[in-house]
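Q: next comes the sequence, and after it the predicted model I'd like to discuss.
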Amino acid sequence: MLKAGGVSAASKRILDVGCGINKYPGAIGVDRNPNTRADVLCDLDRFPYPFRDSSFGELRAVHVIEHVSDVIRAMEEFHRVVVPGGRVYLVTPHYTDFSSFCDPTHRWHLNSFSFRYFGENHGGFGYYSSARFREVKVHVRLLALWRWLGFEFLVNHFLRFRKFWEYYLCYVVRGKVMEFEFEAIK
């Protein structure tokens, strides 16, 4: 159903997956914990989520993906509930950060290339999932010393340097948090 100006109602809706107590303003919050600001309670490890296909223009999962039991299945579900061209925002610790390992509920320790299976350049592993995303943006935050020395700029502005950092330097020049923005390809 289109609204005036050709924009669907779904394309304006935001889903905040794992919203906790800090639900994104204007979003529909979903969480499994009843002590949160969730509008919908559901177990994020049980599929499908209780939403119709293409129900949201934007999905936010801030410090959630590292907690789910199946990253690939969760990403497929994110893909299912957003409209074609919808945006998916993920935030997760980099695996070299202390916070990745200090929380016993973290099941996954990820790096800046962990979601390549869903993209055009899937390294030959595209058969893991049929859900496709275009990587719009990846931003890696580094610990303060390395940010001040310019490493964060290099990691975020030069793909070759990010690969070099991930392969050889990240155990010394440690990452902190990664922010991803994807566009759903349908």
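A: Here it is on my side, so go on.
Q: Arg32: neighbour count?
A: Close neighbours of Arg32, defined as other C-beta atoms under 10 Å, add up to 14. Quick note: C-beta positions are derived from backbone N, CA and C, even for glycine.
Q: roughly how far does it sit from His139?
A: From Arg32 over to His139 the distance is 28 Å, taken as C-beta to C-beta, to the nearest Å.
Q: repeat that for Gly124.
A: Distance, Gly124 to His139, by C-beta to C-beta: 26 Å.
Q: these two: who's more crowded?
A: Each of Gly124 and His139 has its neighbours counted (other C-beta under 10 Å); His139 has more, 14 against 7.
Q: list the contacts of stretch 46-58.
A: Contact partners of stretch 46-58, identified using C-beta atoms under 8 Å, 6 or more residues apart in numbering, comprise 8, 10-15, 28, 30, 40, 42, 73, 77, 80-84, 86-89, 186.
Q: ends of it, how far apart?
A: 21 Å (C-alpha to C-alpha, to the nearest Å).
Q: can you check stretch 42-52 too?
A: End-to-end distance for stretch 42-52: 14 Å, by C-alpha to C-alpha.
Q: flag every buried residue along it.
A: Residues of stretch 42-52 classed as buried: 42, 44, 49, 51 (neighbour count, 16 or more other C-beta atoms under 10 Å).
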